[in-house]
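S.K.: Next input, structure requested:
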Amino acid sequence: MHKQYIYIILLLAGCHSATTIKYPPGGFGYPEHPLDGDTNFYYYPIRELESRRDSFRESYDYDYFQSAREPNLSIRPQPVPTFRLSYGVPLGTDYIIALTPEYITVKTPAHYSDECMALPDTSRLTPMERYHYHILHYNFPIEPTAKRSPWKQHWLDSLGTVYPALHDVKYYSYLWNKANALQ
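M.R.: Coordinates of the predicted model:
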């Protein structure tokens, strides 16, 4: 019985209307001339702040947001203040929650939930591509990082000398797309 009172108090305390939204100073800018590839990247303002690995993996979130018909908020200012949250649990349902001054919209990505559970099919790759995919999947980018041990970095440097394509993000993208194709 006491829990109900706590919930009511929290609800009332949290439901007050602010006359204006106070944004923190600064913020992230929008691209002046977004390129076609940039419109698919849903985290455009922070792409340079993230590691290359995180930026590469998040570039594939386009399919996730498109399955819920969500626009890319990061490439141009919106007509009204819009906030988007995504929530999901492993092996559960994902939700995309969009907040505007007038609406709260909750969506479940339409077809994405089954696809995201699929493991990459590396049998589509040649043996050499499979070897490269495995290296890049666990070590992308192969350039030196502070977190990597010296012996592992030496191994990756040697592989990069023998196989220069391992340095190319487009090659990794090609391997990723081939192994994760939906057919």
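
S.K.: Least confident secondary structure element in the chain?
M.R.: Least confident element among the helices and strands of the chain, by mean pLDDT, DSSP states H and E: helix 112-116 (a mean of 49).

S.K.: The protein: helices as residue ranges?
M.R.: Ranges of helices within the chain are 2-14, 52-58, 61-67, 112-116, 127-139, 150-162, 169-179, based on DSSP state H.

S.K.: Return the set of buried residues in the fifth one.
M.R.: For helix 127-139, burial by neighbour count (16 or more other CB atoms under 10 Å) applies to E129, H132, Y133, I135, L136, N139. Bear in mind the C-beta positions are built from the backbone N, C-alpha and C, glycine included.

S.K.: any idea how far the third one lies from Y163?
M.R.: When you say that, I think you mean Y133. Counting by CB to CB, to the nearest Å, the gap from Y133 to Y163 is 12 Å.

S.K.: Next, the contact list for the residue nearest to S59 when sequence neighbours are not counted, please.
M.R.: Once its chain neighbours are removed from consideration, S59 has its nearest residue in F41; the separation is 5.6 Å (CB to CB, 6 or more residues apart in numbering). Contacts for F41 (CB atoms under 8 Å, 6 or more residues apart in numbering) come out as R47, E58, S59, Y62, N72, S74.

S.K.: so which of those residues comes closest to S158?
M.R.: Each of these was checked against S158 using CB to CB; the closest is S59, at 27.9 Å.

S.K.: I'd guessed that closest one sits against N40; true?
M.R.: Yes. Applying CB atoms under 8 Å, one finds S59 in contact with N40, separated by 7.2 Å.

S.K.: Would you check which pair of the buried residues of helix 127-139 lies furthest apart?
M.R.: Of all pairs drawn from these, the one with the largest separation by CB to CB is E129 and N139; the distance is 15.6 Å.
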